[in-house]
Structures are given as structure tokens and as C-alpha cells.
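3D, please:
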Amino acid sequence: MNPELPEPKGETSMDLTSGISAFEAKQFNQAIRLLTPLAQRGIADAQYRVAIMYQNGLGVVRNERSAAQWMRAAAEQGLVLAQHGLGFMYMEGDCLHCDGKESVNWFEKAANQGLVGSQATLATIYEQGKIVEQNLDKAKKWYRLAGFDEQ
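Numbers count the residues shown, from 1 in each chain. All right, here's what the predicted structure looks like:
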């Protein structure tokens, strides 16, 4: 959880814990039932997992619009995994139109929070120069921050 977001309390916390446990145990019907009301109440961890379920049709029919909506809601609250996920949605054109600049924007938000996967993804994006203009200095920066030796 993001330390800057309020912690769910009481019954909400129990429902979130149960919903996440169901999600991780691949009990997606139960997870969607428990997490959707929490997502609707603005709990980013629930929004992120609901987005994943809609994106992949887990316990629900795949719904790109709902997946993007929930992923964006969690990402805008600063949930690092949702920022990374939204970056991939834009990069791959999955659930959203392909948009390299928007993809980089969300990967940078996650990378600046220290998510190594986003840092490495940005390094590759800048090194290859396929979705944004090639920038080897930025590629080196992100490789270094991700803990890789200079490429």
C-alpha cells in the first residue's frame, strides 16, 4: 500500500484483506465480489486488482473500458503498480489506444517511486527509440537507477 494513502479500517480492512487473498488464490469470483465495492469507495489496492480482473477476464467478462477506468483511478492515487500497469496499457495498446508519450509518463511516475520494473522498461524504451525518440543518455540513467551496469 502507498504510505500516503489512508489505511482502510475495520470491516473495510478485513474485506480488502479477504479480497486480496481471494485474488492471490485465484478465486476471482470471490475476489471481484469483495473488491468491487471497495474499488467504488476509492481504495486504490482494490481498484488495481479489479482492473487486472477486467483486463484479463478473470471472474468477469473482459471489459477494456472498465479495466482502463479502474487502473487509471488507482494510478492517479499514486499506486505504483497501477502506474506501471497503466504505462503498459498505453505502450501495448491494451484497453487503451497506443500512446508512447502517455506510456512514458506513467512509467516515469512509477520509476520515480523506485519501481525497478518501470525503470528498466524506460531504459529499454529510450534505448530502442521505437515509441519515443531514442535517447541514450536517458536510457543509461534508467538502467543505472534500475541497478544494471551501464549498457
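
mind checking which helix or strand the residue nearest to residue 97 when sequence neighbours are not counted is in?
Excluding its sequence neighbours, the residue lying closest to residue 97 (CB to CB, 6 or more residues apart in numbering) is residue 90, at 7.8 Å. To be clear about C-beta, it is placed using only N, CA and C from the backbone, and glycine gets the same treatment. For residue 90, the enclosing helix or strand under DSSP states H and E is helix 80-92.

and what of residue 36?
Per DSSP H and E: helix 28-40 holds residue 36.

pull out the buried residues from that helix.
28, 31-32, 34-36, 38-39 (16 or more other CB atoms under 10 Å).

what angle do the lowest-mean-pLDDT helix or strand in the chain and helix 28-40 make?
In the chain, no helix or strand scores lower on mean pLDDT, DSSP states H and E than helix 10-24, which sits at a mean of 89. Computed with axes from the mean of the first three to the mean of the last three CA atoms, to 10 degrees, the direction of helix 10-24 lies at 140 degrees from that of helix 28-40.

elements contacting helix 10-24?
Packing partners of helix 10-24 (3 or more CB pairs under 8 Å, 6 or more residues apart in numbering; DSSP states H and E): helix 28-40, helix 44-56.

once you drop chain neighbours, what's closest to the residue nearest to the spatial centre of the chain?
The chain has residue 82 as the residue nearest its centroid, 2.0 Å off, counting by CA atoms, centre = their mean. Leaving aside its sequence neighbours, residue 82 sits nearest to residue 74 (CB to CB, 6+ apart; 3.5 Å).

run a quick neighbour tally on the one you found.
Residues lying near residue 74 (other CB atoms under 10 Å) number 29.

residues near residue 50, how many?
30.

ok, it to residue 138 distance?
For residue 50, the distance to residue 138 (CB to CB, to the nearest Å) stands at 33 Å.

quick check: buried residues in stretch 110-126?
Of the residues in stretch 110-126, 110-111, 113, 115, 117-123, 125-126 count as buried by neighbour count, 16+ other CB under 10 Å.

how close does residue 19 sit to residue 59?
On the measure of CB to CB, residue 19 and residue 59 end up 11 Å apart.
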